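> with the input below, show me the fold.
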Amino acid sequence: MTSQIFPKLSDYDPEELVLMADKHDDSAFALALSKHPAMKDVDEFCEIITGIKDPFANMAFGMHVPDAENRVLAITEQLKELVCPGLFWVGPCTTPTNLDEILVQNGWVHLASPPAMVIDLESLEAPQLLEGFQLCRVANEGELSVWHQAIANGFGMSIEVAQMFGWNPSDQIRFYTAFLNEDVVGTTALVLQDGVAGIYCLSTLPEFRARGIGSALTLLPLLEARSEGYHVGTLQSSKMGLPVYLRLGFQEVCKLRMFSFGMP
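Numbering: from 1, shown residues only. As a prediction, this is how the structure comes out:
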């Protein structure tokens, strides 16, 4: 039996830190989407093409794209046939290194470059919680359906897309629903991968924003991970979340690149 290794932020040199953040993101979504019947995960490359008319329901990502020119062409042709939009995620460590060019040649457009960020968990302080706030870990399929509806409302996505995140009872991925008294107010997820704790699927319902709920959704799972021996946290930030994460002490280590196809 091998014991869990919990690296510290100081254990990484700058290049290793970029690789860790890049790989963690891919691994997290591969795990979160692993139960979906359309998910294909082969040799560090994942694609999930559902045909749902939402780009987040048709994605490709991974550290290495095998036979990239033919793979990108095949995905592009599939999206054209289904008449649905898609997203292709490229990290700073993704190979081949000319993947951006291959995507553009096939009609993909650079959409955004969200930052990947890290933090030393020892620096975190417990958040000030609103009276009546609770963060509850999802424990069964019924509770996951509440989480699905909450993340759909928080991100403004269809329930079909939210339901792509399947039930996974392992400790490696943990879903949480936030409540304020009787109201569902947000979601978050904790992914424990390679000794690093990552925050994903963080959403706050619009009517409950700007009340410190986003900070609580970030901090509470990471504090839980710290109590289990983890030292390093990571996440990928939206424009809306960036000021919150900077205020909490996260630092940017690299940018991911999101390419879109078939979007207006």
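> for Ile159, give me its contacts.
Ile159 sits next to His148, Gln149, Ala152 when contact means C-beta atoms under 8 Å, 6 or more residues apart in numbering. In this view, the C-beta of every residue, glycine as well, is placed from N, C-alpha and C.
> can you give me the separation between it and Cys254?
Plainly put, Ile159 is 33 Å away from Cys254 if you go by C-beta to C-beta, to the nearest Å.
> again, but for Cys93
Counting by C-beta to C-beta, the separation of Cys93 from Cys254 is 8 Å.
> which stretches of the protein form helices?
All helices of the chain, identified by DSSP state H, fall at 14-32, 68-82, 99-105, 141-155, 159-162, 213-227, 242-248.
> Ala112: which of the ones you listed is closest?
Minimum separation from Ala112 across these (C-beta to C-beta) falls at helix 242-248, 12.2 Å.
> buried residues in the closest one?
Neighbour counts over helix 242-248 (16 or more other C-beta atoms under 10 Å) mark Val244, Tyr245, Leu248 as buried.
> give me the nearest residue to Phe133, chain neighbours excluded.
Leu180 (5.5 Å; C-beta to C-beta, 6 or more residues apart in numbering).
> same question, His36
Spatial nearest neighbour of His36, chain neighbours left out: Met164 (5.3 Å); criterion: C-beta to C-beta, 6+ apart.
> for the one you found, what are phi and psi?
Per-residue torsions, Met164: phi -60, psi -30 (degrees, to the nearest 10).
> would you check that it makes contact with Ile48?
Yes. Between Met164 and Ile48 there is a contact at 7.3 Å, judged by C-beta atoms under 8 Å.
> what do the two both touch?
Common contact partners of Met164 and Ile48 (C-beta under 8 Å, 6+ apart): Leu33, His36, Ala57.
> only whichever of those residues are buried, select them in PyMOL.
Command for PyMOL that selects the buried part of the shared contacts of Met164 and Ile48, burial taken from 16+ other C-beta under 10 Å:
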select buried, resi 33+57
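> turn the shared contacts of Met164 and Ile48 into TSV, columns for pLDDT and distance to Leu9.
Shown next, in TSV, are the shared contacts of Met164 and Ile48 (pLDDT from 0 to 100; distance: C-beta to C-beta, whole Å):
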residue	pLDDT	distance to Leu9
Leu33	95	28
His36	95	33
Ala57	97	35
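> so what's the residue nearest to Asn168 when sequence neighbours are not counted up against?
Nearest non-adjacent residue to Asn168, counting by C-beta to C-beta, 6+ apart: Lys35, 6.5 Å away. Applying C-beta under 8 Å, 6+ apart, we find Lys35 in contact with Gly166, Trp167, Asn168.
> run the last query once more with 10 Å
By C-beta atoms under 10 Å, 6 or more residues apart in numbering, the residues touching Lys35 are Met164, Phe165, Gly166, Trp167, Asn168.
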